[in-house]
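Visitor: got a predicted model here, sequence first, then my questions.
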Amino acid sequence: MAANGQENVGFADIRSSHCVTLARAFAGITQKELASLMGRSQPFVARLEKSDFDVDEYVGQLVDAFRQRGVTFPPSFFRHTKYLAPESAVTFRKRSSCPAAVRDRAEFYAHVVPTLVAPLVERFVKYPVCDLPPMPVDWNSAVRDPRAIGAGAARALRAYWGLGWGPISDVMRLVESRGIRLFFVRERSQHLDGFAFWSNDIPFILLNSLQDDPARMRFDLAHELGHLVMHRELELDQRSRGHSLDLIESMAHGFAAEFLAPWEVLKNEVPSIVNLDKLGRLRSRWRISMQAIVKQMHANGALSDAAYTNAFRRFSSLGYRRGPEPVWIMPDTSVIHKKFLETLASRGLYVANLAEEVGLSERLLSDLIPQSTASTQMDFDSFRMS
């Protein structure tokens with residue numbers, strides 16, 4: 001996640017893993033607002049979240065209170081009084097500009113997914129053993145050139161995993177094959193493309209399934225992978241480590257770009273001047289966005305500042321900055337989720353059958369484990385870009 005050093009406490013204290021605190025974080029309401037919905041006082045809710053009272057006595061009131069705000073939690077959600085807290089910072093892109101309410105929702109997922117959802121999947125599908133080596137950061141060097149540090153970590157991970165230096169056909173399958181837990185959210189926020197964290201020595205990545213371009217989702221996934229390997233030691237309050245969150249974000253950008261398209265290979269294929277037809281062909285081959293290619297060219301000195309600025313003006317005028325780029329590519333897919341859903345179906349079960357037992361609404365559980373991870377990008381193969 002991008003960040004600017006602001007503490008992301010928002011409505012809920014993210015250091016708390018109490019069910020009521022997490023429910024408030026998801027719903028975006030304060031203790032005072034919840035108290036009003038329950039017909040109680042704010043000090044009562046505060047004490048409830050400190051476990052001064054037994055939540056079981058108030059489950060019905062809590063379910064009704066959140067339902068009044070349009071948020072469904074089954075009673076079983078509140079019977080998990082303590083959720084696994086992430087052991088690392090919850091990292092995601094655009095954190096510096098991200099509203100507190102969105103950051104709080106990310107923290108909700110970071111507690112709930114390892115506690116409720118991942119164990120559910122593991123009842124039916126065996127995950128591979130985690131194979132994600134730590135890559136400690138030389139922070140003195142990172143301050144001077146954060147993208148280069150990120151790129152170096154990407155090359156090291158490619159070498160460790162034996163990937164070679166060509167395009168990666170399916171990044172989702174790759175990370176799952178290394179034991180990384182991958183899930184999805186449906187958040188209508190431009191600030192939340194994806195986020196990552198470690199919990200109980202297990203790495204997690206959550207992606208926003210509303211992303212409409214498979215190439216950008218691949219970049220988001222690689223970006224979060226970079227955070228996992230480089231930034232596991234970062235604390236929840238980044239200011240205590242003295243590292244700029246913009247610096248951390250730049251490192252993850254450098255990692256993603258190099259991991260998806262190593263410059264030593266890509267530099268022999270990029271055009272000497274920005275040409276949309278040629279960029280489209282590279283997009284198809286490397287399965288990354290044209291904008292990511294242009295940024296890679298500029299970061300490595302193959303494109304002047306003026307040419308870079310002009311390219312992005314063109315992208316904006318064509319609507320590519322906010323919408324999908326032309327040249328359709330096949331979306332990556334989650335093998336683990338596919339196996340999970342197939343196993344359920346073979347036993348006559350569906351996600352709806354398990355939601356109450358797990359402790360989440362059917363809708364929320366279906367968002368986290370969608371029927372399909374394919375994005376909805378339009379087919380622009382016939383579109384000329386010259």
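Guide: Everything's here; your move. Since the structure is predicted, the reported quantities are computational estimates derived from the model, not experimental observations. Numbering: from 1, shown residues only.

Visitor: wasn't A302 part of a helix?
Guide: No. If the criterion is DSSP: H, G, I helix; E, B strand; the rest coil, then A302 is coil and not within a helix.

Visitor: lowest confidence element among the helices and strands of this structure?
Guide: strand 91-92 (a mean of 68; mean pLDDT, DSSP states H and E).

Visitor: give the next helix or strand downstream of that strand.
Guide: helix 100-112 (DSSP states H and E).

Visitor: can you mark which positions in that following helix are buried?
Guide: Of all the residues in helix 100-112, those buried under the rule 16 or more other C-beta atoms under 10 Å are 100-112. To be clear about C-beta, it is placed using only N, CA and C from the backbone, and glycine gets the same treatment.

Visitor: for stretch 125-137, same thing?
Guide: 125, 127, 132, 135, 137.

Visitor: same question, stretch 74-85
Guide: For stretch 74-85, a neighbour-count test (16+ other C-beta under 10 Å) marks 74, 77-78, 80, 83-85 as buried.

Visitor: same check on stretch 212-226?
Guide: For stretch 212-226, the neighbour count (16+ other C-beta under 10 Å) marks 213-226 as buried.

Visitor: now flag whichever of the buried residues of stretch 125-137 is closest to R186.
Guide: Nearest to R186 among these, counting by C-beta to C-beta, is V125 at 22.0 Å.

Visitor: that's a strand at the closest one, yeah?
Guide: No. Counting by three-state DSSP, V125 falls outside a strand, being coil.

Visitor: what about stretch 193-207, average pLDDT?
Guide: When pLDDT is averaged over stretch 193-207, the result is 94.

Visitor: who's in contact with the one helix or strand V59 maps to?
Guide: Element membership for V59 (DSSP H and E) is helix 59-68. Residues outside helix 59-68 that contact it (C-beta atoms under 8 Å, 6 or more residues apart in numbering) are 20, 23, 27, 34, 37-40, 55, 72-75, 78-79.

Visitor: V358 and D145, how far apart?
Guide: Distance from V358 to D145, counting by C-beta to C-beta, to the nearest Å: 45 Å.

Visitor: which one of the two has more residues nearby?
Guide: V358 (22 against 15; other C-beta atoms under 10 Å).

Visitor: and the gap between that one and Y127?
Guide: 17 Å.

Visitor: as a check, name the ranges of all strands in this structure.
Guide: 91-92, 181-185, 194-199, 202-208 (DSSP state E).

Visitor: can I get those in CSV with distance to T333 and mean neighbour count?
Guide: Formatted as CSV, those follow (distance: least, C-beta to C-beta, whole Å; neighbours: other C-beta atoms under 10 Å):
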stretch, distance to T333, mean neighbour count
strand 91-92, 22, 30
strand 181-185, 10, 22
strand 194-199, 16, 27
strand 202-208, 12, 23
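
Visitor: which residues touch the closest residue in space to F315 that isn't next to it in sequence?
Guide: Spatial nearest neighbour of F315, excluding adjacent residues (C-beta to C-beta, 6 or more residues apart in numbering): R321 at 5.4 Å. By C-beta under 8 Å, 6+ apart, the contact set of R321 is 291, 312, 315.

Visitor: wait, the first one sits on Y308?
Guide: No. In this structure, Q291 sits apart from Y308 without contact. The criterion is C-beta atoms under 8 Å, and the distance is 10.5 Å.
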